[in-house]
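**Q** After the sequence you'll find the predicted model.
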Amino acid sequence: MHQCIDPAILYVGTPVVLVSSCNEDGSFNLAPISSVWFLGWTAVLGFDASSKTPVNIQRTGECVLNFPSSNLVGEVDRLALLTGTRRVPLHKRLLGYRFERDKFTAAGLRSASSERVKAPRVEECPIQLEAVLETTRPIGSRDPRLGVRALALEVRVLRVHVERELLMEDDADRIDPEKWHPLIMSFRQFYALGPRLPYSRLGAGPESRYSPARAQLKRAVSILGHRWFDAS
């Protein structure tokens, strides 16, 4: 039997992402978020507008989305109450936040150079996505439950870095979900994925079907070309 309730938050369960960006002085900022969703190579990120990360992304037009595995929960948790904003907003001070200039060191993580953007990757994260900003818009302006000004940033991924150990044995462009163990945030608590459930009809076909038509055609031509070469 269902019951109507009045929860303060609705973080029902999403992956944790460490968003890295560049500060004005050339140093790096690192922020954990769990308000993120994807379509294709486009992601929408949700931020408190007073946070340093959306300010950096709007100024530089870029960032890196770093996905920690569940075994990095300790490092991620060290970032939870840190902000790169020197004058900590009142609502964050009430929550226990403090300013931290060097979040990589505070978390015990290492930065690595990116290839297409100036923002750094997080060396320890198994999946790292270099991205550029496409659009920014206010979000939740009519939501009385949202107590702070918020922004939705749409970013487009340019480059995908994945640890080799996570890839499919027979397809170097696919991440094997049996090997990938993301860190999940649900109602302010950390979780890891459990075992895969028996079956998914959506997951039965090849992942390449979700590529643009031109990419599928290029792949098909490449495969046919290899077969013709082998046959000859």
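**A** Yep, it's here.
**Q** among the helices and strands of this protein, which has the poorest mean pLDDT?
**A** Per-element confidence for the chain was summarised using mean pLDDT, DSSP states H and E. The lowest value among helices and strands belongs to helix 213-231, with a mean of 63.
**Q** which residues touch residue 179?
**A** Residues counted as contacts of residue 179 (CB atoms under 8 Å, 6 or more residues apart in numbering) are 165, 166, 167. C-betas here are computed from N, CA, C, even on glycine.
**Q** with the residues you listed in mind, which one is nearest to residue 152?
**A** Within the set of these, residue 166 lies nearest residue 152; the separation is 28.7 Å, counting by CB to CB.
**Q** distance of that closest one from residue 78?
**A** Taking CB to CB, to the nearest Å as the measure, residue 166 falls 24 Å from residue 78.
**Q** what number of residues lie near the spatially closest residue to residue 182 that is not a sequence neighbour?
**A** Excluding the flanking residues, the one nearest residue 182 by CB to CB, 6 or more residues apart in numbering is residue 15, at 4.7 Å. A total of 18 residues lie near residue 15 under the criterion other CB atoms under 10 Å.
**Q** How about residue 90?
**A** By the measure other CB under 10 Å, the count of residues near residue 90 is 9.
**Q** now swap in the one 3 residues further on and tell me
**A** Burial of residue 93, expressed as a neighbour count using other CB under 10 Å, amounts to 12.
**Q** Same question for the one 4 residues further on.
**A** Under the neighbour criterion other CB under 10 Å, residue 97 is assigned a count of 17.
**Q** quick one: it and residue 88 touch, right?
**A** Yes. Using CB atoms under 8 Å, residue 97 and residue 88 qualify as a contacting pair, with a distance of 5.5 Å.
**Q** ok, residue 92 to residue 181 distance?
**A** Taking CB to CB, one finds residue 92 at 30 Å from residue 181.
**Q** Looking at those two, which one has more neighbours?
**A** Regarding residue 92 and residue 181, a neighbour count based on other CB under 10 Å identifies residue 92 as having more, with 19 against 15.
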